[in-house]
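Colleague: please work out how this folds:
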Amino acid sequence: VQLQASGGGLVQAGDSLKLSCTVSVHTAIIYTMGWFRQAPGKEREFVASIRWSGGSTTVADSVKGRFTISTNNDKNTLYLQMNSLKPEDTADYYCAARGYFSAGYNFWGQGTQVTVSS
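Modeller: Numbering: from 1, shown residues only. Next up is the predicted model:
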């Protein structure tokens, strides 16, 4: 499984961005996909996750009501719609996949940088 994240950029507070993560090959083994972020000098934190087969989502309290995670299985793509962005959302965002028999996320994409200016 290979993951490729894209869509980051420099925006102003209150703006929106949509991140994408394309998934190549062996998608049948994926149970859950997620977005994580890591701000400079901070540890990586969970943002949101979704069952690859559809439905169940989990969103961190810090972004609840502003960020939405979704998938397009026909396009093998994971999305993160980010609205009402705040300067504290500035971070490198990573997509990740967890296999059916994995205890955690075992496939990671490279980060895409999101910078929110005040």
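
Colleague: tell me where the protein has strands.
Modeller: In the chain, the segments counted as strands under DSSP state E are 2-6, 9-12, 17-24, 30-38, 45-51, 57-59, 67-72, 77-82, 91-99, 107-108, 112-117.

Colleague: possible to save those strands as a markdown table with mean neighbour count and mean pLDDT?
Modeller: (Glycine included, C-beta is placed from N, CA and C.) A markdown table is the format used below for these (neighbours: other Cβ atoms under 10 Å; pLDDT from 0 to 100):
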| stretch | mean neighbour count | mean pLDDT |
| --- | --- | --- |
| strand 2-6 | 16 | 93 |
| strand 9-12 | 13 | 98 |
| strand 17-24 | 18 | 95 |
| strand 30-38 | 21 | 95 |
| strand 45-51 | 19 | 97 |
| strand 57-59 | 16 | 97 |
| strand 67-72 | 18 | 95 |
| strand 77-82 | 22 | 97 |
| strand 91-99 | 22 | 96 |
| strand 107-108 | 16 | 93 |
| strand 112-117 | 17 | 98 |
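
Colleague: for the closest residue to residue 77 other than its chain neighbours, list each beta-bridge partner.
Modeller: Nearest non-adjacent residue to residue 77, counting by Cβ to Cβ, 6 or more residues apart in numbering: residue 22, 5.3 Å away. When bridges are called by DSSP bridges, residue 22 pairs up with residue 4, residue 77.

Colleague: and the end-to-end length of stretch 70-78?
Modeller: 6 Å (Cα to Cα, to the nearest Å).

Colleague: how far off centre is it?
Modeller: From the chain centre to the centre of stretch 70-78 is a distance of 12 Å (Cα atoms, centre = their mean, to the nearest Å).

Colleague: same check on stretch 56-74?
Modeller: Relative to the centre of its chain, stretch 56-74 is centred 8 Å away, using Cα atoms, centre = their mean.

Colleague: switch to numbering from 12
Modeller: Right, with 12 as the first residue, what we last looked at is stretch 67-85.

Colleague: now do the contacts for residue 120.
Modeller: Counting by Cβ atoms under 8 Å, 6 or more residues apart in numbering, residue 120 makes contact with 13, 14, 15, 16, 32, 105, 106, 107.
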